[in-house]
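Peer 1: below: sequence and its predicted model.
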Amino acid sequence: MIQIENKRNVVLEIFIGVIIVVILSAVFSLKFNEIKRGVRDAVRLEEIAVTQKALLIFINSSAAGVYPLSAGECLNADSLVIKNLFAADALAKVPSDPIWPAKQPLYLSRNGYVEPPAKNFCYYYYSNGRFYHLSYYLEDYNGGGVRVVTGMN
């Protein structure tokens, strides 16, 4: 009898241990995903700030005094805007969204910026030369969503 009770206790202890490991794994996984979202958002904010500085350098060094023209495009290595910024030595690295580097936004305003409920898209640039809109998306659930920065000449 004592052996049977010991075996039951051992099985029960193993079962409880497995449940605890599963619960801790689930909590860790959720927290880890939250941390990854935060890191990606930090990268986005940094790259947008660097791109804004590059656009400012470009307009200050441009003889025409205008921002790179664009009817709207994702910023990537093939982008004319990025090529112009590199040619002006205003940018050293191609800014690229960590997850969606080439995904076009679905909702655009007439003025070229991205509008909610758009989500999960590239860094989107629009400019008529006098001003620009640079749209991006943050994943953070406490303040995420579509963001647009604007520069004016």
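Peer 2: Received it, and whenever you're ready, just let me know what you need. Numbering: from 1, shown residues only.

Peer 1: helices or strands next to the lowest-mean-pLDDT helix or strand in the chain in the packing?
Peer 2: None of the helices or strands of the chain scores lower by mean pLDDT, DSSP states H and E than helix 2-61, at a mean of 86. In terms of contacts (3 or more Cβ pairs under 8 Å, 6 or more residues apart in numbering; DSSP states H and E), helix 2-61 is packed against helix 80-87, strand 131-138, strand 145-152. (Each C-beta comes from the backbone N, C-alpha and C, glycine too.)

Peer 1: ok, and what's touching the first one?
Peer 2: Think helix 80-87. The contact list for helix 80-87 (Cβ atoms under 8 Å, 6 or more residues apart in numbering) reads 51, 54-55, 58, 68, 70, 73, 75-76, 91, 94-95, 125, 127.

Peer 1: quick one: contacts for Tyr124?
Peer 2: Listed by Cβ under 8 Å, 6+ apart, the contact set of Tyr124 reads 72-75, 104-105, 113-114, 133-136.

Peer 1: got the CA positions of the next helix or strand along the chain from the least confident helix or strand of the chain in CSV?
Peer 2: The C-terminal neighbour of helix 2-61 among helices and strands, as given by DSSP states H and E, is strand 70-74. Coordinates of each C-alpha in strand 70-74 appear next as CSV, following Å, rounded to 0.1, in the frame of the first residue of the first chain:
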residue,chain,number,x,y,z
SER,A,70,7.9,61.8,-54.2
ALA,A,71,4.2,61.0,-55.0
GLY,A,72,4.5,58.4,-52.2
GLU,A,73,6.8,55.4,-51.7
CYS,A,74,8.2,53.0,-49.2
